[in-house]
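*Asks:* Give me a model of this one.
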Amino acid sequence: MANFTIFNRQQFDGVINNLSISDSLNKDVVYQIYTTANEGIQSLIESGLFPRFGNVNPFEIIYYCVGEYTYTTHGKPAEEIAKMGADEKYITSIASVVSDKYLSLAMFNHSERKLANKFIPPVSSLNLYLNFMLNILSTYQKNDPKQTLITDLLIKSVSISRCILQLITEGYETEAFSNWRTLHECECTLLLLDKYKDPLINRYLIHMQYGIVFKNGDTSDEKGTRIFNDMKEEMRALDLKSKDIKKYIEYGWLYEIPGVKEDEKFKLNFRDGLEKLAELSMYSNRYEMSSEIIHSTPMLIYSNKEYFFFITLLSLYESFFRLEKVFLSLFAKNMSEEQMKRYLDMRSVYYAQLVNIHKREVNSFKQWQANRK
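*Replies:* Here you go, the predicted structure:
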């Protein structure tokens with residue numbers, strides 16, 4: 001029999017207050033929804049429809065009630081919200097939705113077969129490290145490309161890394177691998193901008209502007225026309241055609257790197273341009289494989305979970321080691337003494353562990369491959 005706990009009004013108010021929800025939330029109405037939903041849930045459980053149901057979580061039921069109420073009342077005038085709260089049909093309807101969602105998702109929630117969880121060291125140790133980096137990066141100025149491009153790219157790269165870990169633990173290995181493709185693109189860009197500094201950063205920002213003008217078709221004013229004409233002049237000087245405009249916007253900033261204009265093998269694409277210049281061509285096959293997954297080829301539909309678990313985890317770790325090196329070189333001199341001490345303390349424990357985890361997972365992958373032959 002399920003262990004059924006219903007919070008009284010004082011306990012309910014305590015939960016709501018801890019959620020720091022807007023004062024506009026009508027606690028009285030939400031409490032009515034909560035108690036009515038509980039009556040429905042209890043009735044359904046006692047009917048025997050859910051014989052294997054475990055403990056009922058009162059917090060989740062409250063969260064569903066708050067979510068349904070705030071969504072259904074959002075944007076409506078106060079008078080209409082008051083009428084809704086006084087309508088018993090509204091209370092019953094929302095409570096019914098809450099009980100349906102709670103019971104259905106508790107009992108019949110689809111779950112992929114998982115090869116990992118958030119508690120094992122390959123996931124938890126890397127997640128801890130990434131979280132520490134994000135907490136430090138969050139203290140820096142951001143979202144001002146002229147000043148913070150490197151910081152913004154690093155924050156996005158670390159955030160994508162955590163997203164990949166979460167997808168792995170939920171059993172979505174191919175989806176995680178397709179996200180690694182994006183991480184790899186960010187990483188290649190970041191490594192080059194960090195290596196060549198301001199000249200390349202400034203050129204990258206110019207191409208950002210080209211992209212904005214091109215996407216919006218904003219050549220109606222004098223500035224937009226000038227920017228578009230500048231871009232066409234640059235393309236003519238490089239003997240590029242109109243059909244190359246999108247590729248030039250995306251990769252043309254790479255011409256700022258010494259020697260690129262003279263390199264006959266350079267191409268305005270990722271594989272023979274950005275990735276090659278970042279000296280990460282060893283990942284070309286993985287990148288191509290990830291591209292096939294993104295474009296819904298049979299590789300996505302009939303993918304092997306174990307293979308993509310290993311290939312994603314190893315690729316993520318290898319990206320992390322390079323990102324961490326950029327992070328340390330760029331931000332060590334700007335950290336406060338306290339931040340630096342905490343970071344070095346954490347690094348002394350976990351960096352070596354992550355290196356060893358990577359080695360162990362490489363060996364596990366090789367063993368897995370050998371066993372399949």
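*Asks:* most distant residue from the middle of this protein?
*Replies:* Of all residues in the chain, residue 47 sits farthest from the chain's C-alpha centroid, using Cα atoms, centre = their mean; the distance is 41.8 Å.
*Asks:* Just the buried residues of the strand or helix carrying residue 43, please?
*Replies:* Under DSSP states H and E, the secondary-structure element containing residue 43 is helix 27-46. Residues 27, 29-38, 40-41, 44-45 are the ones in helix 27-46 that count as buried (16 or more other Cβ atoms under 10 Å). (Each C-beta comes from the backbone N, C-alpha and C, glycine too.)
*Asks:* who touches it?
*Replies:* Taking Cβ atoms under 8 Å, 6 or more residues apart in numbering as the criterion, the residues outside helix 27-46 that touch it are 2, 4, 6-7, 9, 12-13, 16, 50, 53, 56, 61-62, 64-66, 68-69, 84-85, 91-92, 94-96, 98-99, 102-103.
*Asks:* Would you mind listing which of those are buried?
*Replies:* Applying the neighbour count, that is 16+ other Cβ under 10 Å, the buried entries in the contacts of helix 27-46 are 2, 7, 12, 16, 50, 53, 56, 61-62, 64-66, 68-69, 84-85, 91, 94-95, 98-99, 102-103.
*Asks:* So which of those sit within helices?
*Replies:* Secondary structure defined by DSSP state H assigns 12, 16, 61-62, 64-66, 68-69, 84-85, 91, 94-95, 98-99, 102-103 of those to helices.
*Asks:* Dump the C-alpha coordinates for stretch 339-357 into PDB.
*Replies:* Output for stretch 339-357, consisting of C-alpha atoms alone and laid out as PDB, is shown next (Å, rounded to 0.1, in the frame of the first residue of the first chain):
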ATOM      1  CA  GLN A 339      39.200  31.600  -5.700                       C
ATOM      2  CA  MET A 340      42.600  30.500  -6.900                       C
ATOM      3  CA  LYS A 341      43.300  28.600  -3.700                       C
ATOM      4  CA  ARG A 342      39.900  26.800  -3.900                       C
ATOM      5  CA  TYR A 343      40.500  26.000  -7.600                       C
ATOM      6  CA  LEU A 344      44.000  24.700  -7.100                       C
ATOM      7  CA  ASP A 345      42.800  22.600  -4.100                       C
ATOM      8  CA  MET A 346      40.100  21.100  -6.200                       C
ATOM      9  CA  ARG A 347      42.400  20.600  -9.200                       C
ATOM     10  CA  SER A 348      45.000  18.800  -7.100                       C
ATOM     11  CA  VAL A 349      42.500  16.200  -6.200                       C
ATOM     12  CA  TYR A 350      40.300  15.800  -9.300                       C
ATOM     13  CA  TYR A 351      42.400  16.600 -12.400                       C
ATOM     14  CA  ALA A 352      44.700  13.600 -11.900                       C
ATOM     15  CA  GLN A 353      41.600  11.500 -11.200                       C
ATOM     16  CA  LEU A 354      40.000  12.600 -14.500                       C
ATOM     17  CA  VAL A 355      43.200  11.700 -16.400                       C
ATOM     18  CA  ASN A 356      43.100   8.300 -14.800                       C
ATOM     19  CA  ILE A 357      39.400   7.900 -15.500                       C
END
